[in-house]
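Chemist: next one to model:
(chains A, B, C and D)
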Protein chains: 2
Amino acid sequence: MCQQISANNREILSIISGVSRALRCCQQEPVFCEDVTFSQFFILDRVGEKGTLRLAELHEILSVDKSTTTRLVTPLVNQGLVLRKKSKDDSRAIILKLTQKGKRIREKVLVCLSEFLDNVENGIPQEKRAHVYESVRLFLDAIQRACAVDQCRS
Amino acid sequence: MCQQISANNREILSIISGVSRALRCCQQEPVFCEDVTFSQFFILDRVGEKGTLRLAELHEILSVDKSTTTRLVTPLVNQGLVLRKKSKDDSRAIILKLTQKGKRIREKVLVCLSEFLDNVENGIPQEKRAHVYESVRLFLDAIQRACAVDQCRS
DNA sequence: AAATATTAGTTGTATATTACAACCATGTGC
DNA sequence: GCACATGGTTGTAATATACAACTAATATTT
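Modeler: Numbering: from 1, shown residues only, chains lettered A, B, ... in the order given. Purely as a prediction, here's the structure:
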């Protein structure tokens, strides 16, 4: 007989598909405000948190290609939310920093995002929350390790 | 003071970003074979499982726009993996069905996918698995409910 | 039965996200 | 100094996606 996919395998498959649906739903803009998309907000938030951030660090954090990093930052620079300065220590490097407007927008989006995040939180029974978060991380890590294995093989 | 985002909120935010990373990694093709992407495989698998599937049902399952559904199916039809027939019951409807080649490819991809899925599974301590899967689903549901709320509001 | 509304699907158009390859500039190690 | 590594950008292309406008067919309401 053909090798059959196990029930557990199906379960994972179905979860992955659910993940993709959930992600799509929360990356659509209705959730947000100030014309900032989810991924743009991440960047704004990371930069704002650290004060300054090298593009290379951002590239690490997002784990996307360098070129993608550049392109994700560009619209934020164009909207006047982020500054792009040359580093003095290493003149290859670019340092990102929020403008005043960037800081304001970050705060505003934080507020409207936190409404959404509260809703997510309240959707999980309180006593299970910590546990659920931990489990989700376990799952994500497992996926990423599995991907890494695959990449080595090929 | 400004309204601050809570630690829990940050946790969720960070998980969502992790989700997006994990998803990207497993939607990249190295994981797969036979030139079929993850989402293409989903379709192949859904159709294969049911025997026949109406486009409208697929649209439901994937929860993407109708037009997107059409466009996701098109390459599979072009590669000769899926047949697109008019329904006799409802002549508006399109019925999807796997070709012989489609069936073969589905099986092949199932095999190579199951390697990946086993790796995911083995990345989670055995005694925790059932629990982890359940938690992930809880989390996904919470996100989707939160999205739905947001959409009503606007 | 006619008018209206709903459902199924396609096509045009536009956008976001993404990678890879090629490239340039600058640093680093020997 | 040369070879190699690192940081970043640009060209190009693919995928996934939505929304709006449209056609055709079916269902519902009067």
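Chemist: around DNA strand D, pick out the residues from chain A.
Modeler: A:20, A:24, A:28, A:54-56, A:59, A:66-67, A:69-71, A:73, A:84, A:87, A:90, A:92-95 (C-beta under 7 Å from any atom of the strand). (Glycine included, C-beta is placed from N, CA and C.)
Chemist: can you get me the start-to-end distance on stretch A:117-127?
Modeler: 17 Å (C-alpha to C-alpha, to the nearest Å).
Chemist: residue contacts, A:Ile15?
Modeler: By C-beta atoms under 8 Å, 6 or more residues apart in numbering or on different chains, the contact set of A:Ile15 is A:139, B:133, B:136-137, B:140.
Chemist: where in chain A is pLDDT low?
Modeler: Along chain A, segments meeting pLDDT under 70 span A:1-5, A:29-32, A:150-154.
Chemist: ranges for the helices of it?
Modeler: Ranges of helices in chain A, per DSSP state H, are A:7-27, A:38-50, A:55-62, A:66-78, A:100-122, A:129-153.
Chemist: got those as TSV, with distance to B:Pro125 columns?
Modeler: Output for the helices of chain A, formatted as TSV (distance: least, C-beta to C-beta, whole Å):
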stretch	distance to B:Pro125
helix A:7-27	14
helix A:38-50	30
helix A:55-62	28
helix A:66-78	34
helix A:100-122	26
helix A:129-153	8
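Chemist: out of those helices, nearest to B:Asn8?
Modeler: Of all those, helix A:100-122 sits nearest to B:Asn8, with 5.7 Å by C-beta to C-beta.
Chemist: which of the residues in that closest one are buried?
Modeler: A:102, A:105-107, A:109-110, A:113-114, A:116-121 (16 or more other C-beta atoms under 10 Å in any protein chain shown).
Chemist: check what contacts it and list those residues.
Modeler: So helix A:100-122 is contacted by A:26, A:31-34, A:36, A:41, A:44-45, A:47-48, A:76, A:80-83, A:98, A:129, B:2-6, B:8-9, B:12-13, B:139, B:142-143, B:145-147, B:149-150 (C-beta under 8 Å, 6+ apart).
Chemist: of these, grab the buried ones for PyMOL.
Modeler: In PyMOL, this line selects whichever of the contacts of helix A:100-122 come out buried by 16+ other C-beta under 10 Å:
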select buried, (chain A and resi 26+31+32+34+36+41+44+45+47+48+76+81+82+83+98+129) or (chain B and resi 5+8+9+12+13+139+142+143+145+146+147+149+150)
